[in-house]
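In: what would the 3D arrangement of this be:
(one chain, ligands or ions: 2)
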Amino acid sequence: MSTAVSAPGKVLLAGGYLVLDRTYTGLVFGLSARIHVLVHDIASSSGVEISEIIVHSPQFQAASWNYGYNLVKERGGVHVTQLQGYSAEPSSRNPFVQTALEYALTYISTVLPASQKIEPTKLTILADDSYYSNPPQSTVTPDSRFSDFNVTLKQAHKTGLGSSAALVTAFTGALLSHYLPRSSFDLASTEGKNILHNLAQAAHCAAQGKVGSGFDVAAAVYGTCIYRRFSPSILSSLGEPGSKDFASRVKSVVDNTSTMKHENWDTEISSNSVSVSKGYALVMCDVDCGSETVGMVKKVLEWRKNDPDGSKKLWDALQISNESLASALSSENKEDVTSAFSAVREKIREMGTASGVPIEPAEQTELIDAVTAAVPGVLGGVVPGAGGYDAIVLLAQDDEATVGNINNFLKKWMAEHQNGVVKLLEAKGELEGARLEDVKVYGKGFAS
Ligand SMILES: Nc1ncnc2c1ncn2[C@@H]1O[C@H](COP(=O)(O)OP(=O)(O)OP(=O)(O)O)[C@@H](O)[C@H]1O
Ligand SMILES: C[C@@](O)(CCOP(=O)(O)O)CC(=O)O
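Out: Residues are numbered from 1 along each chain as shown. Ligands and ions are numbered 1, 2, ... in the order given. Here you go, the predicted model:
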């Protein structure tokens, strides 16, 4: 039996920093760039004590991980350990894969009847090109659309589309869909999406060692939405995998059946209220200037602590501009769209000046203004997420001529500015979240 699930990448169009606080919301778009996870049953090796799950990411070198798993006593869940790989070159750890596996198998073990074993499987991870800026060398099989990047995952240059969130979501969704009957988990249903969201948020936070706003996992599960984050306290009582009753706690947190108020999910997702007008799409530009963005969140939050009144005023005003942008995106009046973008950017630059963080640096201001003015069909743009020098996102007419004109503009821009590479990615805004896929579409190499 085989199962495949894909989940989209993300772009936080508005609400960077604000979305960390439940008072405010983030406007997040799912992207056409997806991460796909395929699960295939494999025969268990006879006479072997430990059951094995094999995970590989064939687009990268030395990217295969073998895990042993066993049920821990006292409802401690499923413990997962990395085994020595079969390949000559041992793979380094992949905390996102290992943690997602441990959390998903633990949840699955609480749903399946005690008499039903979790059988060994092999999982394949496939990512669309836009996640990495490394030049694709070839495809991983002759009939596959997935590139061979010919580098290790460590050497891959991420474009910031949320690869770990899409990976953890697709991985978790694929395992749940594979091992559980449809009556217990159905990815197409709202309840199934909520289960996937809660479990993927828990695993993603555990793997990255901190509780972020989780907008990236929300986009991977639900697709484009207005997102209000969950209270971090929901995850604080989970404890360590393997500890007594860990499985029971995972089950009650994921199923949202806890009797403790602070353990009930308070995430708010509004999916139907966001869209762009017909014939338009969000397009992503990867800006590779080698800038240093670490510590931006810390500095903005420090400013907020030091100037509670000033920062509240600014954030309240920015929230209003963000909401206006969300509704303007689908407006037929193109001038409304352009001015909604400008209003958001003005406030973002104010926040940058007040906090001393280059959220919309002068170089990005110049670029967004210039491309909006020069290319017909580009209505506006912003620096997404935390901002900085890494990317811009534009709302543009979705046709070949406009894309061609943006590309020509960027070529000219690079020649004139010589301070880095600015490239249009193939990824575009897309509404749909995680979904079951037909295994056959991945080509012969992956179909069984
Ligand atoms: N194709 C893949 N195969 C296996 N693991 C992957 C793959 N892509 C990403 N990962 C895992 O996710 C990690 C990258 O996650 P990280 O949070 O650093 O980046 P990101 O989510 O792309 O960044 P951002 O949040 O800025 O968009 C990798 O180190 C690896 O563990
Ligand atoms: C600054 C922040 O609000 C957004 C970061 O977004 P990105 O990783 O730059 O896409 C942090 C968060 O929401 O976790």
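
In: in the stretch 51-200 of the chain, what residue is nearest ligand 2?
Out: Closest to ligand 2 within the stretch 51-200 of the chain is Gly160: 5.7 Å, counting by C-beta to the nearest ligand atom. Backbone N, C-alpha and C define where each C-beta goes, glycine included.

In: no no, the chain
Out: Gly385 (2.4 Å).

In: tell me what the residue nearest to that residue when sequence neighbours are not counted is bridged to.
Out: Once flanking residues are discounted, Gly385 sits nearest to Leu12: 4.4 Å by C-beta to C-beta, 6 or more residues apart in numbering. Beta-bridge partners for Leu12, by DSSP bridges, are Val28.

In: that older thread, doesn't Ala14 make contact with the residue of the chain closest to ligand 2?
Out: No. Look at Gly385 against Ala14 with C-beta atoms under 8 Å: they stay out of range, at 10.0 Å.

In: Lys428 and Arg34 touch, don't they?
Out: No. The criterion here is C-beta under 8 Å, and Lys428 misses it with Arg34 at 11.8 Å.

In: all helices of the stretch 1-150 of the chain, in order?
Out: 95-111 (DSSP state H, counting those that start in this stretch).

In: check whether stretch 162-178 contacts ligand 1.
Out: Yes. Stretch 162-178 is in contact with ligand 1 by C-beta under 6 Å from any ligand atom, via 162-165, 167.

In: out of these, which is most surrounded?
Out: For those, the largest number of neighbours (other C-beta atoms under 10 Å) sits with Gly162, at 30 neighbours.

In: show me the contacts for that residue.
Out: Taking C-beta atoms under 8 Å, 6 or more residues apart in numbering as the criterion, Gly162 is in contact with 9-10, 216, 219-220.

In: can you do 10 Å?
Out: Remark: with contacts taken as C-beta atoms under 10 Å, 6 or more residues apart in numbering, Gly162 is in contact with 7-12, 28, 30-31, 33, 35, 131, 168-169, 204, 215-217, 219-220, 385.

In: what about Asp148, neighbour count?
Out: 16.

In: actually Val393, not the one I wrote
Out: Val393 has 24 nearby residues by other C-beta under 10 Å.

In: excluding chain neighbours, what is closest to it?
Out: Pro384 (4.7 Å).

In: sitting in strands, which of the contacts of Gly162 do you find?
Out: When these are checked against strands (DSSP state E), the matches are 7-12, 28, 30-31, 33, 35.

In: taking these together, which two end up most distant?
Out: Pairwise distances across the ones in strands among the contacts of Gly162 (C-beta to C-beta) peak at 17.8 Å, for the pair Leu12 and Ile35.

In: got the buried residues for the helix or strand containing Ala207?
Out: Assigned by DSSP states H and E, Ala207 belongs to helix 190-208. Of the residues in helix 190-208, 192-207 count as buried by neighbour count, 16 or more other C-beta atoms under 10 Å.

In: what does stretch 277-297 give?
Out: 277, 280-287, 289, 293, 296-297.

In: of those residues, just say which sits nearest to Pro241.
Out: Val297 (27.2 Å).

In: one step back: closest one to ligand 1 out of the buried residues of stretch 277-297, please.
Out: Thr293 (9.2 Å).

In: how about stretch 334-352: buried residues?
Out: So, applying 16+ other C-beta under 10 Å, buried residues of stretch 334-352: 334, 336-345, 347-352.

In: OK, contacts around the closest residue to ligand 1 within the stretch 201-350 of the chain?
Out: Taking C-beta to the nearest ligand atom as the measure, the stretch 201-350 of the chain has Asp216 as its residue closest to ligand 1, at 5.8 Å. Asp216 makes contact with 9-12, 26, 28, 161-166, 168-169, 200-201, 204, 227, 385, according to C-beta under 10 Å, 6+ apart.

In: what does the stretch 1-150 of the chain have sitting close to ligand 1?
Out: 57, 94, 96-97, 125, 127.

In: what about 8 Å?
Out: 9-10, 35, 57, 59-60, 63, 94-97, 125-127, 131 (C-beta under 8 Å from any ligand atom).

In: among those residues, which two are most distant?
Out: Lys10 and Ala63 (22.7 Å).

In: report the beta-bridge partner residues of the nearest residue to Lys122 once chain neighbours are set aside.
Out: Nearest non-adjacent residue to Lys122, counting by C-beta to C-beta, 6+ apart: Ile54, 4.5 Å away. Residues in a beta bridge with Ile54, per DSSP bridges, are Asn66, Lys122.

In: measure how buried Ile54 is and give me the count.
Out: 18.

In: isn't it up against Trp65?
Out: Yes. Ile54 sits in contact with Trp65 when judged by C-beta atoms under 10 Å, with a separation of 7.6 Å.

In: re the thing from before, list the residues that contact both of Gly385 and Ala14?
Out: With C-beta under 10 Å, 6+ apart, Gly385 and Ala14 have common neighbours 26, 28.

In: near ligand 2, which residues of the stretch 51-200 of the chain are found?
Out: Checking the stretch 51-200 of the chain against ligand 2 by C-beta under 8 Å from any ligand atom, the hits are 160, 162.

In: any low-confidence regions in the stretch 51-200 of the chain?
Out: 85-91 (pLDDT under 70).

In: tell me where it has strands.
Out: 51-56, 64-72, 77-83, 121-127, 138-139, 147-148 (DSSP state E, counting those that start in this stretch).

In: buried residues in the third one?
Out: It stands for strand 77-83. 77-80, 82.
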